[in-house]
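> model the structure of this input:
(2 chains)
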2 protein chains.
Amino acid sequence: MSASTRPLANDVFLRALRREPVPYTPVWLMRQAGRYLPEYNATRARAGSFLALAKTPALATEVTLQPLDRFPLDAAILFSDILTVPDAMGLGLYFAEGEGPRFERTTADEASIAALAVPDMARLRYVFDAVASIRTALAGRVPLIGFSGSPFTLACYMIEGGGSGADFATVRKLAYARPDLMQRIIDVNAEAVALYLDAQIAAGADAVMVFDTWGGLLSAAAYRRWSLASMRAVLQRLRPGPGGRAIPTIVFTKGGGQWLDDIAACGAAAVGLDWTVDLAAARQRVGSRVALQGNLDPLVLLTDPATVAREAAAVVEAAGPAPGHIFNLGHGIQPTTPPEHVGVLVETVHRRSRALLAGA
Amino acid sequence: MSASTRPLANDVFLRALRREPVPYTPVWLMRQAGRYLPEYNATRARAGSFLALAKTPALATEVTLQPLDRFPLDAAILFSDILTVPDAMGLGLYFAEGEGPRFERTTADEASIAALAVPDMARLRYVFDAVASIRTALAGRVPLIGFSGSPFTLACYMIEGGGSGADFATVRKLAYARPDLMQRIIDVNAEAVALYLDAQIAAGADAVMVFDTWGGLLSAAAYRRWSLASMRAVLQRLRPGPGGRAIPTIVFTKGGGQWLDDIAACGAAAVGLDWTVDLAAARQRVGSRVALQGNLDPLVLLTDPATVAREAAAVVEAAGPAPGHIFNLGHGIQPTTPPEHVGVLVETVHRRSRALLAGA
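Predicted structure coming up:
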């Protein structure tokens, strides 16, 4: 049986994305393969750097599976970075210790923006190889999520060269003063992201997620124009998976809670919610239009087991019995999280949601 | 005629707060007395430090009036800091160069939280003296706004001792793990803030604003419990001004756009909106319940005069002709703002709103 047609032992995550009935709420965690796990740190030390880890399919496979061997998570997510696409455009991605991602070259003036081009997907082959390798290693245990940064979020790092203290002033100024230049960056990025996700799907991703980490910094009008429109364009271009399988999509705009209605209409199967969003109110607003993914504050995992269980249960209760909830954190897991708290979390979500759904 | 009964030459701001008809949209800018003005920097240099400036009523008066001498702004705001109240509690406020406010002592453990007490308002006399002095100097030109940080925002700095890279992880953890300790800090702060604003009102403030800079970091449930409830408690306790004058109130939660309905019901006359909020949609949601204040992205002021005029006009249009809009930025003005752009902004808001309201 080829990888593309293998049955899944656990497809609860995909069923929740399609808003079908499930026996319990599926759970995975943003950055579930990460620094809070000693075995991750050991593999990363062997690789020498985060980027070496991400660019070596065998090692990316190893760390992707590590959290699944500890916890009964319902999905795996490709171990990679949101900024691989601009790296393939030749901008030179690197990670300065303790500083987050940076690019050697910025794309902020007329000449560099005119010179931008959709990269040859062959330069991203290490990603597609990792997807195929992970899928083989998973052997159908759970679905595999592929992902990319959103066209706007990629633009943020391309224009500023780094995380910029998280206000991205140069980006916001450029969008106001030179919308023509901003539009060109966004258009190139949207085409590149669509090709990139298509190739991940062709390699075996069962679902794909677009991370819009910085769209929440924009004014409402700017968000619609620069971030949401380009995510919609990406989703509309995606092709089905091997054998014509439908590939559910998830969009996540951190800080986008107030634009939920617009985001829910962008064509994604699911909307990711950060921890500030009232999940019960969100479900009421979107009805049965989309699945919702989220949204426990990741800092809850830094407290104690009783608090973790109480707050995780509160998220399950807030989501309610309506089909279409995927439990997640509202942002990536913190590196100082005790792994045993993750165990409490996953167990609580499964147990409490089984009870809730049995009673519904 | 005493200061408390002097008529105002320009009361458009107060009329807009009461949602009464106005000939044009009033405008003031958060941090309008600040580093973008050369005359401010000269006065601050004479004072020696930001805190010396804030603690010397004559100098605070001088800088408060500087922007009014340049631009036809419709309100003055007390020159002070949001963290004066915990400073008066003995925590030792200071400003490390380029780092924002810090406290010498934190309030994060059981003992220090038990020892917290509402400060003697005599320790904040420099603030009330500044209010009285500014009011005299204004001589009725425009209304004077007093302010405080919100009980929760004060707690953020008290617990962490500083701005913490703006995620306030210790605060969020404490709120989850030790709600009893968090509640005590919030209760003490709420009582202190109410007394503090009352004293500003007694000294002559025509309106007061509560700055909730960090409430937007919380989950929806935590926001309601720790930030919104305590702001409501503060507002409910405020007394009328001298001679029984009603004192309109403004609450501003940065990042609170998605909770607008709740905030609009907290008892304030006006809700401040950051630049991410869709102002037209906000007006539709709150109807005539409250005035709205905001919400141009302060980075627009860093572009060029044509862009400033275009984007300012777009905010006026989005607010529409309904009574109850006060134009402001969605966050404090940037220190690198060219003062002439502020001139373009104020002129545009006045001119475009006159046309809009004449046509309505």
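> what does chain A put close to chain B?
Within chain A, the positions near chain B by CB under 8 Å from any CB of the partner chain are A:166, A:169, A:172-173, A:176-177, A:216-223, A:255, A:257-260, A:275-278, A:281, A:297, A:299-300, A:302-304, A:307, A:311, A:314, A:330, A:334. Backbone N, C-alpha and C define where each C-beta goes, glycine included.
> filter the residues you listed to the buried ones?
A:169, A:172-173, A:176-177, A:216-220, A:222-223, A:255, A:257-260, A:275-278, A:281, A:297, A:299-300, A:302-303, A:307, A:311, A:314, A:330, A:334 (16 or more other CB atoms under 10 Å in any protein chain shown).
> among the residues you listed, which lie within helices?
A:169, A:172, A:173, A:176, A:177, A:220, A:222, A:260, A:281, A:307, A:311, A:314 (DSSP state H).
> what strand or helix carries the nearest residue to residue A:32 once chain neighbours are set aside?
Leaving aside its sequence neighbours, residue A:32 sits nearest to residue A:67 (CB to CB, 6 or more residues apart in numbering or on different chains; 4.3 Å). Using DSSP states H and E, residue A:67 maps to helix A:57-70.
> cool, residue A:135 as well?
Applying DSSP H and E, one finds residue A:135 within helix A:125-138.
> which helices and strands does that helix pack with?
helix A:50-55, helix A:57-70, strand A:144-149, helix A:179-203 (3 or more CB pairs under 8 Å, 6 or more residues apart in numbering or on different chains; DSSP states H and E).
> looking at these, which is buried most?
Looking across these with neighbours counted as mean count of other CB atoms under 10 Å in any protein chain shown, the highest average goes to strand A:144-149: a mean of 24.
> now the following helix or strand past that strand, how far from the centre of its chain.
Downstream of strand A:144-149, the first helix or strand assigned by DSSP H and E is helix A:151-160. Put simply, helix A:151-160 sits 16 Å off its chain's centre (CA atoms, centre = their mean, to the nearest Å).
> equivalent analysis for stretch A:244-264, please.
Taking mean C-alpha positions (CA atoms, centre = their mean), stretch A:244-264 and its chain are 11 Å apart.
> start and end of that stretch, how far apart?
24 Å (CA to CA, to the nearest Å).
> any buried residues in that stretch, and which?
Residues of stretch A:244-264 classed as buried by neighbour count (16+ other CB under 10 Å): A:247-260, A:262-264.
> in strands only, show me those residues.
A:249, A:250, A:251, A:252, A:253 (DSSP state E).
> including pLDDT, could the ones in helices among the buried ones among the residues of chain A next to chain B go into a markdown table?
Listed next are those as a markdown table, based on pLDDT from 0 to 100:
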| residue | pLDDT |
| --- | --- |
| A:169 | 92 |
| A:172 | 95 |
| A:173 | 95 |
| A:176 | 97 |
| A:177 | 96 |
| A:220 | 97 |
| A:222 | 97 |
| A:260 | 98 |
| A:281 | 97 |
| A:307 | 98 |
| A:311 | 98 |
| A:314 | 98 |
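> tell me the two of the residues you listed that are most distant?
Farthest pair in these (CB to CB) is A:177 and A:307. Separation: 46.7 Å.
> what about the stretch 51-200 of chain A, any weak spots by pLDDT?
Scanning the stretch 51-200 of chain A for pLDDT under 70 picks out A:164-166.
> picking up where we left off before, need the CA coordinates for the helix holding residue A:135. PDB is fine.
C-alpha atoms of helix A:125-138 as PDB (Å, rounded to 0.1, in the frame of the first residue of the first chain):
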ATOM      1  CA  ARG A 125      13.200  20.000  -1.400                       C
ATOM      2  CA  TYR A 126      14.600  19.300   2.100                       C
ATOM      3  CA  VAL A 127      11.100  20.300   3.400                       C
ATOM      4  CA  PHE A 128       9.200  18.000   1.000                       C
ATOM      5  CA  ASP A 129      11.700  15.200   1.800                       C
ATOM      6  CA  ALA A 130      11.000  15.700   5.500                       C
ATOM      7  CA  VAL A 131       7.300  15.500   4.900                       C
ATOM      8  CA  ALA A 132       7.600  12.200   3.000                       C
ATOM      9  CA  SER A 133      10.000  10.800   5.600                       C
ATOM     10  CA  ILE A 134       7.800  11.800   8.500                       C
ATOM     11  CA  ARG A 135       4.800  10.400   6.800                       C
ATOM     12  CA  THR A 136       6.500   7.100   6.300                       C
ATOM     13  CA  ALA A 137       7.800   7.100   9.900                       C
ATOM     14  CA  LEU A 138       4.300   7.800  11.200                       C
END
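> buried residues, it. List them.
Residues A:127, A:128, A:129, A:130, A:131, A:132, A:133, A:134, A:135, A:137, A:138 are the ones in helix A:125-138 that count as buried (16+ other CB under 10 Å).
> and the angle from it to helix A:57-70?
40 degrees (axes from the mean of the first three to the mean of the last three CA atoms, to 10 degrees).
> return the distance of helix A:125-138 from the chain's centre.
17 Å.
> just stretch A:270-282 next, same as before
15 Å.
> contact partners for the residue nearest to residue A:32?
Residues near residue A:67 by CB atoms under 8 Å, 6 or more residues apart in numbering or on different chains: A:29, A:32, A:33, A:37, A:73, A:342.
> the last one contacts residue A:301, correct?
When you say that, I think you mean residue A:342. Yes: the criterion here is CB atoms under 8 Å, and residue A:342 meets it with residue A:301 at 6.7 Å.
> what do these two both touch?
In contact with both residue A:342 and residue A:301: residue A:333, using CB under 8 Å, 6+ apart.
> more neighbours: which of these two?
residue A:301 (26 against 23; other CB atoms under 10 Å in any protein chain shown).
> need the max-distance pair from the ones in strands among the buried residues of stretch A:244-264.
A:249 and A:253 (13.6 Å).
> ok, the ones in helices among the buried ones among the residues of chain A next to chain B vs residue B:208, which is closest?
Nearest to residue B:208 among those, with distances taken as CB to CB, is residue A:220, at 28.0 Å.
> ok so, going back, dump the ones in strands among the buried residues of stretch A:244-264 into TSV; add pLDDT as well.
TSV is the format used below for those (pLDDT from 0 to 100):
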residue	pLDDT
A:249	98
A:250	98
A:251	98
A:252	98
A:253	98
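> and those residues, which is closest to chain B?
Nearest to chain B out of these is residue A:253 (CB to the nearest CB; 10.9 Å).
> ok, now which ones touch the closest one?
A:150, A:212, A:215, A:216, A:223, A:227, A:228, A:259, A:263, A:272.
> and which of these is nearest residue A:15?
Taking CB to CB as the measure, residue A:15 lies nearest residue A:272 of the contacts of residue A:253, at 17.7 Å.
> isn't that closest one right next to residue A:209, touching?
Yes: with contact defined as CB under 8 Å, residue A:272 counts as touching residue A:209 (7.2 Å).
> which of those two has more neighbours?
residue A:272 (28 against 24).
> which residue sits closest to that one, ignoring its sequence neighbours?
Residue A:272 sits nearest to residue A:252 (CB to CB, 6+ apart), 2.9 Å away.
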